[in-house]
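Engineer: The following block contains a protein sequence and its predicted model.
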Amino acid sequence: MDNNNNHTAPRLAEVLLLWFLKEELAEEVLGDLEEKFHYTAVHRSVLRAKVNYWYQVFQYLRPFAIKNYRSNNSKLNIMYQHNFKISLRNILRNKGYSLINLGGLTVSLTVVILIGLWTYDELSFNSYHSNMDNISQVMMAYHSPGEDIKVGSSLPPALGTLLKDNYSNYFDEVAMIRSRPEERIFTSDKGHFTESGYFMQPAGAKIFSLNMLKGDINGLKDMHSILISETLAKKLFGDKNPLDQSITMDGNTNLVVAGIYQDLPHNTSFSNASYFAPLDLYIHGWSDLTAWDNYFIHTYVQTKPNVKQSTVSSLIKELMLPHTDEESGKRYLFLLPMDKWHLHSEFENGQPVNGKRLKFVWLFGAAAIFILALACINFMNLSTAAAERRAKEIGIRKSLGSLRMQLMSQFLIESSLLAFLSFLSALIIATLVLPWFNNIAVKEITLPVSNPWFWSFGIGLSLITGLLSGTYPALYLSALHPIKSLRGGFNAGRKGVLFRKTLVIFQFTISILLISGTILVYQQIQHAKDRPSGYSKANLLVIPKRSGEMYGKYQTFRTELKKSGAVMEVGEANYPITNTLGNNNGFDWDGKSPSFDPSFNTIVVNYDYGKTIDWEITEGRDFTSDLPSDVSKSVIITESAKRLMGFDKAVSKELRFSRDYFGGNRFTIVGVVKDMIKGDPFQAPRPAIMFLTDHELPFMFVRLTPELHIAEALTRMETVVKGIAPSAPFNYNFIDEEYGAKFRAEERAGKLVSIFAILAIFISCLGMFGLVSFITEKRTKEIGIRKVLGASLSNLWRTLSLNFIYPVIIACLIASPIAYYIFSNWLHSYDYKIEISWWVFGISGMAAIAITIITVSYRTIKAALLNPIKNLQSE
């Protein structure tokens with residue numbers, strides 16, 4: 001059995017207990033709770049011990065145990081103490097009513113806490129970096145003739161060199177980084193590890209303020225050095241000191257560990273970086289830092305403290321113009337501050353727009369506010385519906401001299417106490433569900449219990465919730481006429497009933513909006529998943545050539561893999577099929593306007609690529625080894641490229657390129673294939689041109705034999721790979737999994753929206769159940785009279801239920817056009833999208849009505865089945 005004696009009782013619960021518990025009881029109570037905690041932790045579980053501890057603390061929220069906060073001669077303190085006791089007694093006396101309110105507020109506050117933490121995580125992105133206010137990325141807006149203005153981040157290395165040499169008066173640091181993370185294989189005595197990281201100049205470590213646990217922050221000055229994360233260091237060396245140790249990258253490059261940095265937080269732009277290697281190592285032998293004709297670099301700058309980033313943007317705006325020709329269009333530079341990288345980095349026609357991430361922040365923030373509003377509405381509805389119960393109490397208190405403000409304070413204290421208890425309950429639930437929430441949201445959020453701002457926000461939130469919930473009931477109840485209240489002739493009147501119905505309509509309008517949103521998000525995701533991809537994803541995998549030992553052996557790999565019986569076909573390309581890397585403009589063809597210079601996704605493939613991925617040829621033929629002239633002379637284009645070029649028939653047409661490509665610049669189109677969805681599956685496909693080469697390429701695609709079990713096929717493949725390249729790790733990725741990852745953001749949004757919809761319906765129905773309970777209790781005698789006069793169960797159900805169903809029907813009519821407007825705007829950001837059908841709102845409305853009928857029916861049928869004699873005897 002584990003030793004649980006080292007565990008301590010919940011500190012927050014102990015602080016709460018000492019805050020309200022009488023001092024003379026504190027020592028004895030704490031001792032008993034501590035003893036009970038350790039006993040439960042040892043014999044049951046630590047979680048159960050903590051839950052029980054919280055339960056016992058709340059048990060002491062009773063008048064006999066609460067401190068006397070009264071100051072001498074302070075009538076105000078006496079009044080508030082009295083109101084607090086009365087409020088607590090009312091909550092305990094009306095358990096059903098209190099539990100409904102407590103349940104609704106607890107659920108809504110839990111959602112607010114979780115969404116609040118998620119939103120803070122999004123808004124504080126990159127705040128880990130100490131120089132955040134002065135860090136920017138150099139961006140480029142370019143306008144190719146015939147196209148909209150586009151904004152990109154990939155730049156030539158010569159630009160970074162120019163900024164560093166000629167603009168040092170404005171920058172403390174300038175650093176260039178490879179424009180995308182690189183997956184590399186690192187080898188040590190512990191084995192082979194595939195890790196993602198960046199090739200970066202030494203100044204990058206300072207710009208991003210890497211927290212060096214060991215070694216030198218300037219360690220990347222040596223071309224054969226590397227900085228690794230704390231996690232990667234443990235993988236490679238275990239408990240051994242990694243500093244100055246040697247590791248092998250991709251089986252052919254030896255590097256010395258110059259430093260170990262603390263893992264970057266999840267909410268940073270470089271959180272996926274397990275290593276930083278020198279940029280000089282990456283470009284060694286094929287490029288240099290003075291090249292203007294190759295765009296593969298991201299450039300980051302740290303401006304001096306007294307320099308405005310907008311000023312620098314103006315100064316560097318036209319630096320690219322002397323190094324670009326008119327045919328490729330004008331290119332202008334600007335700085336994008338770090339605080340805009342995450343939520344404000346999307347552009348349309350050169351202008352910043354609200355991107356998906358920012359829309360999700362608004363969506364989830366609005367959902368949290370609305371769900372909290374639903375719980376507050378429940379409190380208002382139930383409080384005003386219960387007015388008759390408290391009418392005599394109010395009449396007596398007014399007759400004894402209570403002022404309206406005193407009565408209002410009583411009701412506000414009651415609502416605030418309930419809200420505070422709900423907040424404490426919500427904290428416990430949020431703590432328990434946070435790991436599950438992190439898993440859905442792909443976050444690493446923790447509850448910041450040591451942060452005073454968190455508690456200030458939480459207490460302020462509970463206070464605001466209490467005031468929002470209680471203000472209207474306080475005004476309503478404190479205005480009751482004392483004489484009518486004491487006579488028992490109180491009637492809420494048409495205005496009160498109308499107000500409650502209005503609140504119910506608002507509740508179900510929100511619920512129906514969220515139900516509609518859930519259906520539409522699911523439809524949009526499924527619509528994109530069902531979209532033809534232009535190639536067959538099933539049983540297709542890609543093997544990146546991470547080791548130099550794998551090059552020069554393609555035909556051997558192909559022959560042996562097919563001989564193993566595990567593989568049907570093997571082909572190669574210079575890029576993975578699930579991204580749109582590799583883009584060029586500068587193409588010309590007969591009939592093209594000189595001012596039209598579109599960009600194409602350019603891919604280099606071998607003879608076997610097409611039949612391996614199973615692309616669909618719609619015109620012409622595939623590349624063939626029977627025609628050696630295909631190499632460097634023939635191309636295959638996609639249907640979208642054919643449309644862009646304006647060809648009715650593309651085969652045999654000539655393409656001319658502005659620079660040599662594999663030794664030539666004139667190509668003949670020999671085939672057209674269906675568009676391949678390589679990038680965002682919700683957007684239009686990029687027009688693509690496939691070039692043929694007989695050289696080996698870095699990505700090998702393998703089509704598995706479908707009759708063979710995947711595990712057996714992979715085992716046979718590994719045997720072949722190890723036999724041909726013994727030191728090369730056997731790394732692979734399934735294409736269908738990589739393609740499926742493109743839907744993760746929308747799937748997460750769909751899950752969260754569906755959860756919000758369920759919670760909204762739950763809270764609304766919880767309030768509806770309480771409201772029905774009050775109304776049926778009020779109409780007990782009427783039900784008895786109707787039954788005596790021969791009313792059937794169905795007649796009674798219809799009489800009692802229809803008044804609650806009508807508001808939901810009205811909510812359906814209000815919610816439908818609002819939902820259509822909201823989600824039409826949401827779908828506007830997608831090129832490939834569904835058409836919104838009327839039945840979506842019909843199903844949403846019917847679902848809300850059905851749930852309402854079930855909720856209402858349970859209570860009304862129960863009331864209708866009561867003995868009418870007992871009903872008529874009741875007062």
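Structural biologist: In hand now; what should we look at?
Engineer: Tell me where the stretch 451-600 of the chain is predicted with low confidence.
Structural biologist: Counting by pLDDT under 70, the ranges of the stretch 451-600 of the chain that qualify are 476-497.
Engineer: Try it again at 80.
Structural biologist: 470-500, 547-548, 585, 594-595 (pLDDT under 80).
Engineer: Now do the strands in it.
Structural biologist: Listed in chain order, the strands found in the stretch 451-600 of the chain under DSSP state E, counting those that start in this stretch are 540-544, 567-573, 583-584, 587-588, 600-605.
Engineer: Mean neighbour count for these - can I get that in TSV?
Structural biologist: Bear in mind the C-beta positions are built from the backbone N, C-alpha and C, glycine included. Rendered in TSV, the data for these read as follows (neighbours: other CB atoms under 10 Å):
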stretch	mean neighbour count
strand 540-544	21
strand 567-573	22
strand 583-584	16
strand 587-588	19
strand 600-605	22
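Engineer: Which secondary structure state is assigned to I677?
Structural biologist: Classification of I677 using DSSP: H, G, I helix; E, B strand; the rest coil returns coil.
Engineer: And for the residue lying closest to it once chain neighbours are set aside, the neighbour number?
Structural biologist: The shortest distance from I677 to any residue that is not its chain neighbour, by CB to CB, 6 or more residues apart in numbering, is 4.6 Å, and that residue is S533. Burial measure for S533: 21 neighbouring residues, criterion other CB atoms under 10 Å.
Engineer: Show the contacting residues for S533.
Structural biologist: Residues counted as contacts of S533 (CB atoms under 8 Å, 6 or more residues apart in numbering) are 676-677, 681, 739.
Engineer: Per the annotation, how does the protein divide into domains?
Structural biologist: 1-67, 132-341, 498-530+743-873, 540-736 (automatic domain parsing).
Engineer: thinking Y275 is in contact with L227, fair?
Structural biologist: Yes. When contacts are counted by CB atoms under 8 Å, Y275 is listed as touching L227 (6.6 Å).
Engineer: To V112, which of the domains of the chain lies closest?
Structural biologist: Taking CB to CB, domain 498-530+743-873 is the member of these nearest to V112, at 11.1 Å.
Engineer: before we move on, back to that, G790: which of the contacts of S533 is nearest?
Structural biologist: P681 (63.7 Å).
Engineer: wait, isn't the closest one in contact with D530?
Structural biologist: No. When contacts are counted by CB under 8 Å, P681 is not listed as touching D530 (10.1 Å).
Engineer: that older thread, quick one: the strands of the stretch 451-600 of the chain as a markdown table, columns for distance to T638 too.
Structural biologist: As requested, those are exported to a markdown table (distance: least, CB to CB, whole Å):
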| stretch | distance to T638 |
| --- | --- |
| strand 540-544 | 18 |
| strand 567-573 | 14 |
| strand 583-584 | 13 |
| strand 587-588 | 14 |
| strand 600-605 | 8 |
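Engineer: So which of those is nearest S345?
Structural biologist: S345 sits nearest to strand 583-584 of all the strands of the stretch 451-600 of the chain, at 18.8 Å, using CB to CB.
Engineer: Can you list the strands that that closest one pairs with?
Structural biologist: Partner strands for strand 583-584, per DSSP bridges, with pairing direction: strand 600-605 (antiparallel).
Engineer: in what helix or strand does the closest residue in space to V504 that isn't next to it in sequence lie?
Structural biologist: Leaving aside its chain neighbours, V504 sits nearest to P807 (4.4 Å; criterion: CB to CB, 6+ apart). Per DSSP states H and E: P807 is located in helix 793-827.
Engineer: Return the set of buried residues in that helix.
Structural biologist: 796-797, 799-801, 804, 807-808, 810-812, 815-816, 819-820, 822-823, 826-827 (16 or more other CB atoms under 10 Å).
Engineer: Please apply the same query to stretch 162-179.
Structural biologist: Residues of stretch 162-179 classed as buried by neighbour count (16+ other CB under 10 Å): 162-164, 167, 170-179.
Engineer: Quick check: the farthest pair among those residues?
Structural biologist: Between any two of those (CB to CB), the greatest distance is 24.3 Å, for Y170 and R178.
Engineer: Okay, now the sheet partners of the host helix or strand of R656, with direction.
Structural biologist: Assigning secondary structure by DSSP H and E places R656 in strand 654-661. Sheet pairing here is set by DSSP bridges, and for strand 654-661 it gives strand 587-588 (antiparallel), strand 664-673 (antiparallel).
Engineer: just checking, what packs against the next helix or strand after the longest one?
Structural biologist: It refers to strand 664-673. For strand 664-673, the following helix or strand on the C-terminal side (DSSP H and E) is strand 688-692. Strand 688-692 sits against strand 600-605, strand 634-638, helix 639-645, with contacts defined as 3 or more CB pairs under 8 Å, 6 or more residues apart in numbering; DSSP states H and E.
Engineer: hmm, try it at 10 Å
Structural biologist: The elements that strand 688-692 packs onto, with contact taken as 3 or more CB pairs under 10 Å, 6 or more residues apart in numbering; DSSP states H and E, are strand 600-605, helix 609-613, strand 634-638, helix 639-645, strand 654-661, strand 664-673.
Engineer: Out of the ones you listed, which is the most enclosed?
Structural biologist: When you average the neighbours per residue for each of those (mean count of other CB atoms under 10 Å), strand 634-638 leads with a mean of 26.
Engineer: How far does that one sit from its chain's centre?
Structural biologist: The gap between where strand 634-638 is centred and where its chain is centred comes out at 39 Å by CA atoms, centre = their mean, to the nearest Å.
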